[in-house]
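Chemist: One predicted model, sequence on top.
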Amino acid sequence: MIELKDITKTFRQKNKSISALSGVSLKVERGRIFGIIGPSGAGKSTLIRCVNLLEKPDTGEVIVDGQNLLTMSASQLADARRHIGMIFQHFNLLSSRTVHGNIAFPLELAGVSAADIDTRVNELLSLVGLEDKKNNYPASLSGGQKQRVAIARALATNPKVLLCDEATSALDPSTTNAILNLLKDINRKLQITILLITHEMEVVRTICDDVALISDGKIAEQLPVHAIFSNTDSVLAKSFIGNASVEIPQYYQDKLNNASQQSDEILVKVTFAGQPSNSQEFGSLSREYGVNVNIISGRLEHAGDVKYGALLITLKGSPDNRENALAYLQQDGITTELIGHVG
Ligand SMILES: Nc1ncnc2c1ncn2[C@@H]1O[C@H](COP(=O)(O)OP(=O)(O)OP(=O)(O)O)[C@@H](O)[C@H]1O
């Protein structure tokens with residue numbers, strides 16, 4: 001649905017030039033939610049703005065729904081852009097227009113009749129759950145409600161593609177989730193292809209089917225989200241797992257300081273880097289290896305049908321049993337790190 005071929009973009013300022021994109025190619029299949037993630041300054045905004053030519057690439061091809069946007073006349077491009085909706089981090093609503101007026105705006109520009117506009121705006125208000133805010137002005141809405149208006153406006157002309165430029169970065173976590181769910185719903189119901197940029201892995205994990213990592217204006221990695229963890233060399237997997245730090249509670253910190261090396265209980269950090277969600281690691285440890293397992297703290301997340309994250313556990317048993325239990329975990333692809341004796 002979207003294909004970028006060898007895009008380059010350099011910004012020229014007085015006496016210097018900044019290379020924002022150098023040779024970026026990517027393909028977004030129809031109906032997918034595709035995330036582009038990367039650190040600040042990596043080129044994410046420039047890249048997404050190239051898709052609707054808000055930013056014109058210096059070289060390369062931008063193909064949306066089979067049409068090369070860079071070879072179009074101005075009127076063809078205006079028409080093609082009606083099929084590419086966009087939402088922004090700061091919503092970009094018109095403060096002098098009501099919710100209805102904002103959503104109606106692109107329809108007015110497209111020359112739709114007042115009666116048809118009214119019908120369409122009502123449909124969109126119901127889709128985004130804002131029927132009761134029709135006559136409100138943006139200033140009286142919450143951030144999440146403003147983004148819902150922006151989504152409704154972006155969908156007004158029935159686009160095939162929705163571009164999301166850090167659409168949830170200005171929102172709190174629960175509002176972020178609600179907006180991500182709405183985007184996923186829209187993707188499924190309307191079969192709309194979504195390309196989003198974000199600096200948060202959580203956004204990728206929550207709704208994306210595919211992800212590309214951009215770094216220094218180049219695509220460093222690109223893969224389906226469910227495949228991140230089966231690819232042990234994946235930079236993205238490492239950054240997911242890197243976030244899975246666990247804190248040792250003070251109580252166990254004190255135990256670590258005071259315990260003898262002969263104690264039969266050890267504190268272990270267990271890191272999951274893509275294990276199937278249904279594996280039964282801890283059950284087997286007690287049953288088959290004669291050790292007692294106690295989960296102290298940690299965080300496990302799921303991406304597709306795999307889990308990742310880290311747990312802090314204690315294992316209690318004879319030295320041999322503990323060693324066998326750790327070997328069993330490692331054989332399952334789990335990383336274990338002995339922190340010390342406790343107890
Ligand atoms: N209009 C511009 N003029 C000059 N330089 C620009 C312009 N827009 C972007 N840049 C530069 O291009 C590079 C990529 O910027 P871009 O905004 O695309 O990155 P980003 O990944 O979206 O960053 P952030 O997450 O901080 O928004 C940066 O070095 C930035 O300073």
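Modeler: Sure thing, it's come through. In this text, all values refer to a predicted model and were calculated from it rather than measured experimentally.
Chemist: which ones are touching the nearest residue to residue 5 once chain neighbours are set aside?
Modeler: In space, and not counting its chain neighbours, residue 5 is closest to residue 61: 4.2 Å by CB to CB, 6 or more residues apart in numbering. (Each C-beta comes from the backbone N, C-alpha and C, glycine too.) Residue 61 makes contact with 3-7, 68, 70 under the criterion CB atoms under 8 Å, 6 or more residues apart in numbering.
Chemist: again with residue 103
Modeler: 121, 124-125, 149, 152-153, 156.
Chemist: Among those residues, which are located in helices?
Modeler: The members of the contacts of residue 103 that map onto helices under DSSP state H are 121, 124-125, 149, 152-153.
Chemist: I'd like those residues as TSV, with distance to residue 198 appended.
Modeler: Shown next, in TSV, are these (distance: CB to CB, whole Å):
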residue	distance to residue 198
121	29
124	24
125	26
149	21
152	21
153	21
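Chemist: quick one, phi psi at residue 37?
Modeler: Residue 37 has phi and psi values of phi -120, psi 150 when expressed as degrees, to the nearest 10.
Chemist: What residues are bridge-paired with it?
Modeler: Here residue 37 sits in beta bridges with residue 198, residue 213, as judged by DSSP bridges.
Chemist: biggest helix in the protein by residues?
Modeler: Under DSSP H, the chain gives helix 173-190 as its longest helix.
Chemist: Now that one: average pLDDT?
Modeler: With pLDDT averaged residue by residue, helix 173-190 scores 93.
Chemist: Can you list the helices and strands that it packs against?
Modeler: When contacts are defined as 3 or more CB pairs under 8 Å, 6 or more residues apart in numbering; DSSP states H and E, helix 173-190 sits against strand 33-37, helix 143-155, strand 161-165, strand 193-198, helix 201-207.
Chemist: circling back: make TSV out of the ones in helices among the contacts of residue 103 and add pLDDT and distance to residue 51.
Modeler: Below are the ones in helices among the contacts of residue 103 laid out as TSV (pLDDT from 0 to 100; distance: CB to CB, whole Å):
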residue	pLDDT	distance to residue 51
121	97	26
124	96	22
125	96	27
149	97	22
152	96	21
153	96	18
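Chemist: Now render those as a markdown table, adding neighbour count and distance to the ligand.
Modeler: Formatted as a markdown table, these follow (neighbours: other CB atoms under 10 Å; distance: CB to the nearest ligand atom, whole Å):
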| residue | neighbour count | distance to the ligand |
| --- | --- | --- |
| 121 | 21 | 31 |
| 124 | 23 | 28 |
| 125 | 20 | 31 |
| 149 | 26 | 23 |
| 152 | 26 | 25 |
| 153 | 27 | 22 |
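Chemist: Confirm that residue 222 sits in a strand.
Modeler: Yes - under DSSP: H, G, I helix; E, B strand; the rest coil, residue 222 falls within a strand.
Chemist: any idea how far it lies from residue 35?
Modeler: Using CB to CB, to the nearest Å, we find residue 222 at a distance of 10 Å from residue 35.
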